[in-house]
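[1] Below are the sequence and a predicted model; questions follow.
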Amino acid sequence: MTHHRTPIPRYLILAVPYTQFKPPRLVFVKAPADPGAHFFTMMINGAGDTIEFVDPPAAVSQSLALSLRTAFPHRIKSDNVAEGQNVLYIYLKKGIDAPGMDKNLFLAHILKFINDMAFKLDASVPLARRGILGLGSRREVWIFKGSPIWWTAQR
């Protein structure tokens, strides 16, 4: 007796915003598998003074801090890749919410830089609220995706 394996279908998740004060709907669409895709994450710590990238591609970890230093002089304290791990830390002199720091412009610069490296923001995962009774700011993890198809298209 021969067993035939049916390939597991791959799905792409899309969020469809709804404007009448209802949460967005998630729509699952069949999509071809992309075995060459590379994912990495970004998160800002609770104090807002450290940005952490887990498993970024070499091009991002080698040049993002330099790009941020150029665009925001005197705001970056230091950066380093953790020894034996592929984790990039970028330390800010003051938190991202500090006076004189335009948080939205800063994050837009990071997103633009990563987009120019042929990666896109693929998902945002909210983390649990902090503080007593769940009060406090809500942190999130951003997940970026890159694909060899995109990398060759940019060249």
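    Structure's in. What do you need?
[2] tell me the SS of Val29?
    With DSSP: H, G, I helix; E, B strand; the rest coil as the basis, Val29 sits in strand.
[3] For the protein, which segments count as helices?
    For the chain, applying DSSP state H gives helices covering 58-71, 103-116, 148-154.
[4] pLDDT on the last one, on average?
    The average pLDDT for helix 148-154 rounds to 61.
[5] Same question for stretch 49-64.
    Regarding stretch 49-64, the rounded mean pLDDT is 90.
[6] mind checking the end-to-end distance for that stretch?
    Stretch 49-64 has its terminal residues 16 Å apart, counting by Cα to Cα, to the nearest Å.
[7] With stretch 126-140 instead?
    Note: stretch 126-140 ends 4 Å apart using Cα to Cα.
[8] same question, stretch 69-83
    Span of stretch 69-83 from end to end, Cα to Cα: 22 Å.
[9] Flag the shaky bits of the protein, pLDDT-wise.
    Within the chain, the ranges that satisfy pLDDT under 70 run 1-27, 129-138, 149-155.
[10] Which positions within stretch 106-114 qualify as buried?
    Going by neighbour count (16 or more other Cβ atoms under 10 Å), the buried part of stretch 106-114 is Phe106, His109, Ile110, Leu111, Phe113, Ile114. To be clear about C-beta, it is placed using only N, CA and C from the backbone, and glycine gets the same treatment.
[11] out of those, which one sits closest to Val54?
    Minimum distance to Val54 across the buried residues of stretch 106-114 is 13.6 Å, recorded for Ile114 (Cβ to Cβ).
[12] show me what contacts that closest one?
    Val60, Leu64, Lys120, Leu121, Phe144 (Cβ atoms under 8 Å, 6 or more residues apart in numbering).
[13] mind checking how far it is from Pro32?
    Going from Ile114 to Pro32 by Cβ to Cβ, to the nearest Å gives 24 Å.
[14] mind listing the strands in this protein by residue range?
    Using DSSP state E, the strands of the chain run over 10-16, 25-31, 38-44, 50-54, 76-81, 87-92, 119-126, 140-146.
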